[in-house]
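A.B. asks: Here is a sequence together with a model predicted from it:
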Amino acid sequence: MSTSTAALTATGISRVYPSPSGDVQALEDVSLDLHSGELLVVRGPSGSGKTTLLNILGGLDAPTSGTVHLGTRELTAMPETQALDVRRRELSYIFQSFGLIPVLSAAENVEVPLRLLETEPAERDERVAATLELVGLGAHANQRPYELSGGQQQRVGIARALVTEPKILIADEPTGQLDSGTAATIMELLSELTHARGVAAVVSTHDPLLMARADRAVELHDGALRRHGRHASDAAAD
């Protein structure tokens, strides 16, 4: 696929954090692209720069140098008000810590981003119910997070990310708090939903066993891209 058709393109991304003991180079000249209907895994050990990269790809942080484009639009050049609107409408996030609001039910948690977009109540209800069914939690709509297992809570997080019908899905170690069996199930679900909905998804992990569910994998090491363009199963076999 050519870069011009990519849903997201990062070019020459570097991120430097100043500190009293000297500058910290979190990312160094990272370039990659992400296409609709593709699940891309960013692999690397803790401290390799995965979270920093995902934050920049999603517009939550700004690079010291380099650019991020969504199609033909440069995300890194947008004023904050425009970037905020893009994040609400076109980008969605899945967090390792689930990020659910404890006092809200599963359905109410999924509904939050639609409320921020001021979606009509009838449409909100319909989309929330359909998305919970999509992730296999239709029967748990009225349960609160503490009444759900870790895997079920992460499914709520996935439903919340999908309910706005985003173009790009960003997941930062979404299986980090799950046992290996549940983690594999969540990765399989992400893969199926990415392909079925044509979403461009990027997922960070340090678990090579989960990479078999991805379409493609890249590896970060000390903030630099080590491996690019190999199939996930090849990288997982290393």
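C.D. replies: Looks like it came in fine.

A.B. asks: What residues of the top helix by length along the chain count as buried?
C.D. replies: With secondary structure taken from DSSP state H, the chain has its longest helix at helix 180-197. Residues 182-187, 189-191, 193-194, 197 are the ones in helix 180-197 that count as buried (16 or more other CB atoms under 10 Å). C-beta here means a position set from N, CA and C on the backbone, and glycine is covered the same way.

A.B. asks: Show me the contact partners of it.
C.D. replies: By CB atoms under 8 Å, 6 or more residues apart in numbering, the residues outside helix 180-197 that reach it are 37-39, 134-135, 149-151, 154-155, 158, 162, 165, 169, 171, 174-175, 178, 199-201, 203, 207, 209-210, 213-215.

A.B. asks: which among the residues you listed end up buried?
C.D. replies: Neighbour counting over the contacts of helix 180-197 (16+ other CB under 10 Å) leaves 38-39, 134-135, 150-151, 154-155, 158, 162, 169, 171, 174-175, 178, 199-201, 203, 207, 210, 213-215 as the buried ones.

A.B. asks: So which of the residues you listed sit within strands?
C.D. replies: In this view, these that belong to strands under DSSP state E are 39, 169, 171, 200-201, 203.

A.B. asks: and L100, what element?
C.D. replies: Taking DSSP states H and E as the definition, one finds L100 inside no helix or strand.

A.B. asks: That one: neighbour count?
C.D. replies: Using other CB atoms under 10 Å, L100 is surrounded by 23 other residues.

A.B. asks: Tell me who's in contact with it.
C.D. replies: Here L100 is in contact with 109, 145, 153, 156-157, 160 (CB under 8 Å, 6+ apart).
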